[in-house]
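In: one predicted model, sequence on top.
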Amino acid sequence: MTVALPDRGGCLWWRDGAGLVGRGRAVEIPIGTGGGRAHDAWIALQDSLGTDSVAFGSFTFDPDVAGSVLFVPEEVERITALPALPDRNGVDRPRFAGARIDEVHWMEEVARAVEAVRSTDLSKVVLARDEVLWSRAPFSEREVALRLARAFPGCYTFLCDGLVGATPELLVRRKGREVESVVLAGTARRGADAEEDAAAAATMRSSPKERDEHSLAVGSVVQALRAVCRQIEVEAEPHLLRLPNVQHLATRVTAELDDASVSVLDLLDVLHPTAAVGGVPRGAALDRIRAAEGDLRGRYAGPVGWIDRNGDGEWGIALRCALLMGDRARLFAGAGIVEGSLPEEELEETRLKFRAMEGALGL
């Protein structure tokens, strides 16, 4: 079976041997800012769309920032295989080209955030930074997506409007009344061998700082779902999610919708941003992020995924990702700041997270 992945302008959603690929754009759905930015526009199109229509989307982290996209491709195919990677012999290696926030300044922002946690009602805030890579030849969206899918089969590999990544975090899945979310917070490096790996995981599990950070993230999801769901069930203890470069504490949350007309886009408005990428309380955390980062994030850490005509769909949080712009690639990584956070350790965490995309881009 030959699967044609688009190189530019297409979209992909892939995990564990199955996914969706979209080619072209049949309908662009206008997305405003603020709450409810996507659902009403999607519903208004239903009568003019086919019964099998699927829309792909990638939304800005900050609902008040423009730049979200939602569109129906001209063609959508369900796939169970990916094409082989092309030979990269002779391709120029990309080079580091700079960052909006340098490392020293970012650590200063972390220190200020820790002080805010100590002295205000802020319990957690996630701070992000970026790095830009340059290459002599344009980056291939297709090749980067394929490399990520093969390197991180258990993650959700996505490609949407130039944003490509492999996120381990399922923000929300809706299938009928069934709702599922997988919350990640707490990060440790992978060890050089099984013994070192287990030791790093044990240290993370026993760390009050990591446990508190994870508990805040799970609590924010549960609290948000209570507004629209019943029978909310939470794993008693977080499990380990091991990726090639890092390992995380992860908790699965399931629930049942009170109202079957609530779509997956409605759930995005309820859930996003969770404490895993924003903070607690949400308003204070967003204010701190805006002051520290400006409009740095764009669609990084925002919802990315798809919705069908029934209102079902899967949406992840756009993590481990890069925005490809011809011969430029802009990468993003963040870290959760709580009481006890050390700027140098949080900086190292972002360096670990950058490695996934740096490898996929050939650095």
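Out: That came in fine, so what should we check first? Not measured: the values here are computed from a predicted model. Numbers count the residues shown, from 1 in each chain.

In: drop to CA atoms for contacts and neighbour counts, all remaining ones
Out: Fine.

In: which residues touch Glu196?
Out: Applying C-alpha atoms under 8 Å, 6 or more residues apart in numbering, we find Glu196 in contact with Arg190.

In: burial check on Gly22, number of neighbours?
Out: 25 (other C-alpha atoms under 10 Å).

In: not counting its neighbours along the chain, what's nearest it?
Out: Val76 (4.4 Å; C-alpha to C-alpha, 6 or more residues apart in numbering).

In: that neighbour in helix, strand or coil?
Out: Three-state call for Val76 (DSSP: H, G, I helix; E, B strand; the rest coil): strand.

In: ok, it to Arg150 distance?
Out: 21 Å (C-alpha to C-alpha, to the nearest Å).

In: cool, Glu233 as well?
Out: Taken as C-alpha to C-alpha, the span from Glu233 to Arg150 is 32 Å.

In: for Leu5, identify the helix or strand it belongs to.
Out: Leu5 belongs to no helix or strand when assigned by DSSP states H and E.

In: report how many residues lie close to it.
Out: Neighbours of Leu5 (other C-alpha under 10 Å): 19.

In: before we move on, what about Ile43?
Out: 12.

In: looking at this, it is in a helix?
Out: Yes - counting by three-state DSSP, one finds Ile43 located in a helix.

In: from here on, count from 370
Out: Let's use 370 as the start, then, which means that last one is Ile412.

In: what pLDDT is listed against the closest residue to Ser630 other than its chain neighbours?
Out: Spatially, and ignoring its direct neighbours in sequence, Ser630 is nearest to Gly680 (7.9 Å; C-alpha to C-alpha, 6+ apart). Turning to Gly680, the model gives it a pLDDT of 91.

In: cool, and Gly404?
Out: We have a pLDDT of 54 for Gly404.

In: then the one 5 residues further on?
Out: pLDDT for Asp409: 72.

In: what about the nearest residue to Arg668 once chain neighbours are set aside, neighbour count?
Out: Excluding the flanking residues, the one nearest Arg668 by C-alpha to C-alpha, 6+ apart is Thr429, at 3.9 Å. Residues lying near Thr429 (other C-alpha under 10 Å) number 22.

In: list the contacts of Thr429.
Out: Taking C-alpha under 8 Å, 6+ apart as the definition, contacts of Thr429 comprise Ala435, Gly436, Ser437, Arg666, Gly667, Arg668, Tyr669, Ala670, Gly671, Pro672.

In: and the residue nearest to Gly391, how far from Leu374?
Out: 11 Å.

In: any common contacting residues for the two?
Out: Here Val445 and Leu374 share the contacting residues Val390, scored by C-alpha under 8 Å, 6+ apart.

In: tell me the mean pLDDT for stretch 630-644?
Out: 92.

In: show me what the host helix or strand of Leu655 is packed up against.
Out: In the assignment (DSSP H and E), Leu655 maps to helix 651-662. Here helix 651-662 touches strand 493-503, going by 3 or more C-alpha pairs under 8 Å, 6 or more residues apart in numbering; DSSP states H and E.

In: can you name the next helix or strand after the helix or strand bottoming out on mean pLDDT in the chain?
Out: One helix or strand of the chain scores below all others by mean pLDDT, DSSP states H and E: helix 408-413, with a mean of 73. Downstream of helix 408-413, the next assigned helix or strand under DSSP H and E is strand 423-427.

In: that following strand pairs with which strands, and in what direction?
Out: Partner strands for strand 423-427, per DSSP bridges, with pairing direction: strand 438-441 (antiparallel), strand 672-677 (antiparallel).

In: pick the most buried one from those.
Out: The highest average neighbour count among the strands paired with strand 423-427, using mean count of other C-alpha atoms under 10 Å, belongs to strand 672-677 at a mean of 26.

In: so, low pLDDT: which residues of the stretch 370-519 of the chain?
Out: 370-373, 375-376, 402-406, 416, 419, 458-460 (pLDDT under 70).

In: again, only this time at 50
Out: Scanning the stretch 370-519 of the chain for pLDDT under 50 picks out 370-371.
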